[in-house]
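Undergrad: just need the structure, nothing else, for what follows:
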Amino acid sequence: MPTVAPLDLEGHVVATHFLGDIPLFATAAGNIHRLDGGEKVIEAHQGLLTCIRDPHSATLLTGGEDGKVLRVGHDGTVTELAHVPRKWISVVAGGPQNAIAYGVGKSSFVRLGDGTIKEFKEERTVEAIAFAPKGLRIAAARYNGVTLHWVATAGDPIDLDWKGAHTGVTFSADGKFLVTTMQENALHGWKLDAAKGGTDARHMRMTGYPAKVKSISWSVKCKWLASSGAPAAIVWPFAGKDGPMGKAPLELGTRSDIMVTNVAFHPLEEVLAIGFADGMILGVRLADQKEALLRRPGKGAITSMSWSNTGKLLAFASEAGDCGIVDITA
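TA: Got it, this is the predicted structure:
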């Protein structure tokens with residue numbers, strides 16, 4: 001079995017990410033614990049709501065109950081990017097050329113690399129934001145769908161409508177697909193090259209989950225999209241031009257009555273880490289669905305997992321604060 005280096009933190013741990021070879025753990029209380037030659041603590045927020053890894057730089061982006069958006073470096077430096085007094089910032093995204101986006105109420109804001117801030121008003125509260133992989137474009141998830149905005153040009157926004165509350169949003173790395181998590185037990189997707197046609201053919205319905213999907217992860221070449229929300233990881237095929245339409249998903253790491261709470265694809269191989277409500281973590285290879293136990297059950301549900309760039313280390317966090325690093329080469 002791989003070796004596990006445990007780390008016990010106090011309270012709910014929202015997220016864990018690697019910056020280079022340095023793992024960081026962000027707690028709901030607002031502290032970020034950095035394991036760099038020993039444990040070092042960054043006091044980032046008065047209440048942390050979200051923490052993501054900026055896909056375009058070796059930094060974290062965080063939002064908090066104090067109305068701040070921060071950038072945290074691998075060396076522990078903290079830079080304030082935005083401050084909206086008396087508002088909670090629970091939605092952040094990282095884009096190209098040092099751009100970031102964040103949601104406040106019914107508005108999406110994009111802060112460009114030169115400090116310029118652009119506001120895009122929505123009809124409903126912004127629940128999630130994602131940058132498109134090509135071009136400076138954002139998708140803002142809201143009630144009854146998603147709105148696409150061009151940031152650097154004056155193009156009209158495009159509304160992708162589907163009834164219900166959309167709580168998360170992600171683009172495939174090739175920009176062909178957009179997928180949302182929903183308040184109901186489902187994912188919904190759009191095939192973007194068909195979005196201008198105005199037909200229902202562009203919709204992708206991914207339903208049948210027994211619980212709400214709170215975690216999704218793309219495989220290294222975007223052939224698969226893994227998701228939580230069932231007593232197995234539900235992995236949808238996206239290799240074809242129509243994505244998962246008309247195809248059944250894989251069900252990996254099935255356990256009879258214990259829910260999957262977090263999923264994380266390996267950065268180099270089609271291997272999926274699956275975290276469960278009891279704290280257990282499985283690694284599953286998609287080619288033959290072979291399973292490996294990466295961590296035995298712990299104190300709390302797995303809330304976040306992150307692979308190092310080499311894929312040799314897996315950091316994990318839990319709602320009870322029992323966290324750690326798994327060395328899969330050991």
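
Undergrad: residue 87 and residue 37, how far apart?
TA: 37 Å (Cβ to Cβ, to the nearest Å). (Glycine included, C-beta is placed from N, CA and C.)

Undergrad: more crowded one of these two?
TA: Ranked by neighbour count (other Cβ atoms under 10 Å), residue 87 and residue 37 place residue 87 first, with 16 against 7.

Undergrad: tell me if I'm right that the more buried one and residue 103 touch.
TA: No: with contact defined as Cβ atoms under 8 Å, residue 87 does not reach residue 103; the gap is 9.9 Å.

Undergrad: find residues that contact each of the two.
TA: Counting by Cβ atoms under 8 Å, 6 or more residues apart in numbering, residue 87 and residue 103 have no common neighbour.

Undergrad: setting aside sequence neighbours, what's the nearest residue to residue 178?
TA: residue 190 (4.9 Å; Cβ to Cβ, 6 or more residues apart in numbering).

Undergrad: doesn't the one you found lie inside a helix?
TA: No: read with DSSP: H, G, I helix; E, B strand; the rest coil, residue 190 is strand and lies in no helix.

Undergrad: measure it to residue 166 for me?
TA: According to Cβ to Cβ, residue 190 and residue 166 sit 11 Å apart.

Undergrad: find residues that contact each of these two.
TA: Counting by Cβ under 8 Å, 6+ apart, the residues touching both residue 190 and residue 166 are residue 146.

Undergrad: picking up where we left off before, isn't the residue nearest to residue 178 up against residue 202?
TA: Yes: judged on Cβ under 8 Å, residue 190 makes contact with residue 202 at a distance of 5.2 Å.

Undergrad: of these two, which one has the most company?
TA: Neighbour count, other Cβ under 10 Å: between residue 190 and residue 202, residue 190 has more, with 24 against 20.

Undergrad: beta-bridge partners for that one, please?
TA: Taking DSSP bridges as the rule, residue 190 bridges to residue 178, residue 203.

Undergrad: report the contact partners of it.
TA: When contacts are counted by Cβ under 8 Å, 6+ apart, residue 190 touches 146, 160, 177-179, 202-204.

Undergrad: which of these are buried?
TA: 146, 160, 177-179, 202, 204 (16 or more other Cβ atoms under 10 Å).

Undergrad: so among the residues you listed, where is pLDDT lowest?
TA: Among the buried ones among the contacts of residue 190, residue 202 carries the weakest pLDDT, at 84.

Undergrad: look up how far residue 178 lies from it.
TA: 10 Å.

Undergrad: could you do residue 245 as well?
TA: Where residue 178 is concerned, residue 245 sits at a distance of 14 Å (Cβ to Cβ).
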